[in-house]
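K.L.:
Everything below, folded, please.
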Amino acid sequence: MKRNISDLLDRYPAENLELDGRTPYSPSRIKEITMNNVNQTKSKDLKPNRTAKRFKPAQLLIAAAVVAALSVSALAAGRAFGAGELFQDFFSTEGNPLSQGQLDTIDRLGHAAGEATAQLPAAVTQNGATITPLAVIADENVYYIRLRVDAPAGTTLPDLDGDTQGYYQLPATLESPEGAYTEFGYNQVKTDLTDNDPTDNCKEFVLCFCTLEGETDLQFNDGRAKTLTISGLWIQAPDKEYTPIFTGDFVFDFGLSFQSRTIDLDAGGLTWHDELLDYSNTIQSMSLSPLSLTYRVDCSLPVNDHIGPAFGDIKIVLKDGTVFFSEAQDYDAMQQYIQSQPVTLPITGEPIGVFRNYIPFDQPLDLTQVDYVQYGDNKIPVSVE
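P.N.:
Have a look, this model is predicted:
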């Protein structure tokens, strides 16, 4: 499978990128994401006129900053948790816990072990090890699965220091019946949750599956069969040596239906202009869910081999004035990147045209608390009961 360094980064596709700090990519970000097992599965090659999928450390590596008091084993707690409680330590950061509205939102989006309405797959035991699904949440673009791993008796699963001890690897594939989708491609990220008892043989993980950028009919919340296969638990040492803790084929059917909370925004025809590269994006459609914002834009940037299109300046503002999400074009970083590449401005040629992508959120969004979405200079009111 061919992979570009831009597969691991934000949104600037580059075939031959020198990792010397002269590009819009932060070297520390490259290390952080790469060393925390950002894997792309069944992916088509990134084209230079497509936006690379973004993986934000705060979103997908959140466990490193989790409040210790929130780290609790779901099975050891002795009572049934809802999906909101089970994902709280994954999405929360120190000093920034989830609100009750966010917890309720996760409950509506997901399923947890012990629910009567939608049963999660049962635990699977092989070779003395057991993997148990605890909770799942999903929208069209993103699928989170929380798992508990019980290694064979006598094994300990402490938190690992990546620089000296390495990283846990939980090899996993997600599949769907042949013909269910035109193309079943996804990105995958594993997050280790903070262990409240580093001396036992139990550890919990969150697997995140994200659809690829571009047009796709794959939706994670549509109820179609999706089979997760985990091939055991390994440790990847700093020198890349792999040591199995246990192996096997742990197979789970996650063909669950999820309540969709996606709303369409009245944003068609709104535009954003890139002042440096002198191109414009015109929105064709925009939708908002508690886990992501999806957009389709008509882009006038000419097709080229060096620079992919940005979406534009976007901001989500809550009713109390809090900015839930904000992203703006970094013209200084782009200018430095242009200077390091054989790029001549203005870029000429046929325009890229319409493309689709989405933005995953660091935390779930309580749609009832959203006041407006701002795209460029345009405010888009949001009203959800």
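
K.L.:
Could you list the low-confidence segments of the stretch 101-250 of the chain?
P.N.:
116-118 (pLDDT under 70).

K.L.:
how about a cut-off of 90?
P.N.:
Low-confidence regions of the stretch 101-250 of the chain, defined by pLDDT under 90, span residues 113-119, 178, 183-184, 194-196, 198, 213-216, 223, 240.

K.L.:
can you pull out the strands in it?
P.N.:
110-112, 124-126, 129-138, 142-150, 167-169, 172-175, 186-192, 202-211, 227-230, 233-236, 242-246, 250-253 (DSSP state E, counting those that start in this stretch).

K.L.:
CSV for those, including distance to residue 353 and mean neighbour count?
P.N.:
(Each C-beta comes from the backbone N, C-alpha and C, glycine too.) Formatted as CSV, the strands of the stretch 101-250 of the chain follow (distance: least, C-beta to C-beta, whole Å; neighbours: other C-beta atoms under 10 Å):
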stretch, distance to residue 353, mean neighbour count
strand 110-112, 36, 25
strand 124-126, 46, 15
strand 129-138, 30, 24
strand 142-150, 26, 23
strand 167-169, 39, 18
strand 172-175, 30, 17
strand 186-192, 24, 22
strand 202-211, 20, 23
strand 227-230, 35, 18
strand 233-236, 41, 19
strand 242-246, 43, 14
strand 250-253, 39, 18
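
K.L.:
Export those to a markdown table and append columns for distance to residue 293.
P.N.:
Converted to a markdown table, the strands of the stretch 101-250 of the chain look like this (distance: least, C-beta to C-beta, whole Å):
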| stretch | distance to residue 293 |
| --- | --- |
| strand 110-112 | 19 |
| strand 124-126 | 35 |
| strand 129-138 | 16 |
| strand 142-150 | 11 |
| strand 167-169 | 30 |
| strand 172-175 | 23 |
| strand 186-192 | 17 |
| strand 202-211 | 13 |
| strand 227-230 | 26 |
| strand 233-236 | 33 |
| strand 242-246 | 37 |
| strand 250-253 | 29 |
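
K.L.:
Residue 157 is nearest to which of the ones you listed?
P.N.:
When the strands of the stretch 101-250 of the chain are compared by C-beta to C-beta, strand 202-211 sits nearest residue 157, at 4.0 Å.

K.L.:
tell me what the closest one is packed against?
P.N.:
In this structure, strand 202-211 packs against strand 142-150, strand 186-192, with contacts taken as 3 or more C-beta pairs under 8 Å, 6 or more residues apart in numbering; DSSP states H and E.

K.L.:
Switch those over to JSON lines; also include distance to residue 297.
P.N.:
Below are the helices and strands packed on strand 202-211 laid out as JSON lines (distance: least, C-beta to C-beta, whole Å):
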{"stretch": "strand 142-150", "distance to residue 297": "20"}
{"stretch": "strand 186-192", "distance to residue 297": "21"}
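
K.L.:
Just to check, residue 369 is in contact with residue 319?
P.N.:
Yes. Here residue 369 lies in contact with residue 319, judged by C-beta atoms under 8 Å, at a distance of 5.5 Å.

K.L.:
neighbour-wise, which of these two wins?
P.N.:
Higher neighbour count among residue 369 and residue 319: residue 369, with 17 against 11, using other C-beta atoms under 10 Å.

K.L.:
Identify the residues contacting that one.
P.N.:
Residue 369 makes contacts with 101, 318, 319, 320, as judged by C-beta atoms under 8 Å, 6 or more residues apart in numbering.

K.L.:
which residue packs closest to the second one, ignoring adjacent ones?
P.N.:
Taking C-beta to C-beta, 6 or more residues apart in numbering as the measure, residue 318 lies nearest to residue 369, with 4.9 Å between them; neighbours along the chain are not counted.

K.L.:
Quick check: the gap between the one you found and residue 321.
P.N.:
11 Å (C-beta to C-beta, to the nearest Å).

K.L.:
do the same with residue 132
P.N.:
Residue 132 sits 42 Å away from residue 321, going by C-beta to C-beta.

K.L.:
Please name the bridge partners of residue 146.
P.N.:
Here residue 146 shows beta-bridge partners residue 135, residue 206, assigned using DSSP bridges.

K.L.:
Residue 88 is in contact with that one, correct?
P.N.:
No. Using C-beta under 8 Å, residue 146 makes no contact with residue 88, being 10.8 Å away.

K.L.:
any idea of the pLDDT on the residue nearest to residue 318?
P.N.:
Here the pLDDT value assigned to residue 369 is 96.

K.L.:
swap in the one 5 residues further on?
P.N.:
Among the per-residue scores, residue 374 holds a pLDDT of 98.

K.L.:
If you tally nearby residues, what's the number for it?
P.N.:
Neighbour tally, residue 374, other C-beta under 10 Å: 17.

K.L.:
who touches it in this structure?
P.N.:
Here residue 374 is in contact with 313, 314, 315, 316, 317, 380 (C-beta under 8 Å, 6+ apart).

K.L.:
cool, and residue 265?
P.N.:
Counting by C-beta under 8 Å, 6+ apart, residue 265 has contacts 286, 287, 288, 373, 380, 382.

K.L.:
neighbours around the last one, how many?
P.N.:
I take that to be residue 382. 20.

K.L.:
if we can go back for a sec, any idea which of the helices and strands packed on strand 202-211 gets closest to residue 168?
P.N.:
strand 186-192 (5.6 Å).

K.L.:
So in that sheet, which strands flank that closest one, and in what orientation?
P.N.:
Taking DSSP bridges as the criterion, strand 186-192 pairs within the sheet with strand 38-41 (antiparallel), strand 202-211 (antiparallel).

K.L.:
Adding distance to residue 119, write the ones you listed out as a markdown table.
P.N.:
As requested, the strands paired with strand 186-192 are exported to a markdown table (distance: least, C-beta to C-beta, whole Å):
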| stretch | distance to residue 119 |
| --- | --- |
| strand 38-41 | 26 |
| strand 202-211 | 19 |
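
K.L.:
Out of these, which gets nearest to residue 251?
P.N.:
strand 202-211 (14.2 Å).

K.L.:
Now do the closest one: distance to the chain's middle.
P.N.:
10 Å (C-alpha atoms, centre = their mean, to the nearest Å).
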